[in-house]
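In: A predicted structure for the sequence below; I have some questions about it.
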Amino acid sequence: MAPPLDPDYAREKEARRKTRREKRRNEALGARNDAHNHVLREDVDALRAAAAAGLDLEDVDDDGCSPAYFAVCRDSGAMLDALAACGVDLGDEGAAGDCGASLASLAATRGCLGALRALGGRVDLARHAGRDGWTAAGAAALQGRSDALDALHGLGVDLAAPCNRHGEAPLAVARKVGHARAAESIRRALADVASRDLDAMPE
């Protein structure tokens with residue numbers, strides 16, 4: 001049977017172990033924050049280098065935000081393109097991090113139209129929803145973002161499609177929360193689609 005450890009030695013050993021754990025954690029945190037910083041600085045080359053070095057570009061920070069979340073908040077289509085090129089799935093329902101929204105609904109809510117257009121080529125904006133169940137059109141209607149609704153219509157999104165887990169259409173959502181301008185944007189878009197459908201009918 002081994003003799004018991006000297007109490008002072010045991011404390012020193014545990015302190016060294018704790019220091020090593022904290023150092024590893026800080027190194028991991030620093031690397032993780034590097035990805036976020038590259039996005040915030042819109043440094044595409046640094047982001048690519050970090051990805052090539054094996055940095056996880058889908059990791060979230062201490063606030064639960066992913067690098068893609070920051071790319072949307074910066075309204076940076078270029079950074080979203082770079083993240084996608086580095087293998088980040090922008091269509092994943094958790095791509096924005098812990099906020100519950102999809103990247104598209106986050107962009108629509110914040111009126112980040114450049115990000116919305118960048119996402120338009122990569123995800124199905126009409127159907128794509130986050131863990132919260134809202135599509136981009138539903139989020140825009142809920143927040144009264146007529147600019148985002150106009151952009152979605154321009155991208156070919158069907159603004160009559162259900163936009164949440166309750167099966168509501170964006171127009172119903174905008175009316176329910178009292179966003180008259182958003183409701184008018186949707187009505188204009190629906191009238192435009194109906195007019196084009198009529199023009200396309202054979203005489």
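Out: Nice, thanks for sending it over. Remember, predicted model here, so these are calculated numbers, not experimental data. Numbers count the residues shown, from 1 in each chain.
In: quick one: average pLDDT of the one helix or strand A172 maps to?
Out: Assigned by DSSP states H and E, A172 falls within helix 170-177. Over the span of helix 170-177, the pLDDT mean works out to 97.
In: do you know how far L55 is from N37?
Out: Summarising the geometry, the distance separating L55 from N37, computed by Cβ to Cβ, to the nearest Å, is 11 Å. To be clear about C-beta, it is placed using only N, CA and C from the backbone, and glycine gets the same treatment.
In: okay but Q143 is in contact with T109, surely?
Out: Yes. The criterion here is Cβ atoms under 8 Å, and Q143 meets it with T109 at 5.0 Å.
In: Would you mind measuring from the residue nearest the centre of the chain to F70?
Out: For the chain, L103 is the residue whose C-alpha lies nearest the centre (Cα atoms, centre = their mean; 2.4 Å). Using Cβ to Cβ, we find L103 at a distance of 11 Å from F70.
In: could you pull out the helices for this protein?
Out: Using DSSP state H, the helices assigned to the chain run over residues 7-40, 44-52, 67-73, 77-85, 103-110, 113-120, 136-143, 146-154, 170-177, 180-200.
In: Show me the one of those that comes nearest A160.
Out: For these, the distance to A160 is smallest for helix 180-200, at 6.0 Å, taking Cβ to Cβ.
In: helices or strands up against the closest one?
Out: Packing partners of helix 180-200 (3 or more Cβ pairs under 8 Å, 6 or more residues apart in numbering; DSSP states H and E): helix 136-143, helix 146-154, helix 170-177.
In: what's the most buried one of those helices?
Out: By mean neighbour count, with neighbours taken as mean count of other Cβ atoms under 10 Å, helix 136-143 ranks first of the helices and strands packed on helix 180-200 at a mean of 29.
In: contacting residues for the closest residue to A101 other than its chain neighbours?
Out: Using Cβ to Cβ, 6 or more residues apart in numbering and skipping the chain neighbours, the partner closest in space to A101 is G130 (4.4 Å). Contacts here follow Cβ atoms under 8 Å, 6 or more residues apart in numbering; on that basis G130 touches 93-94, 96, 99-103, 105-106.
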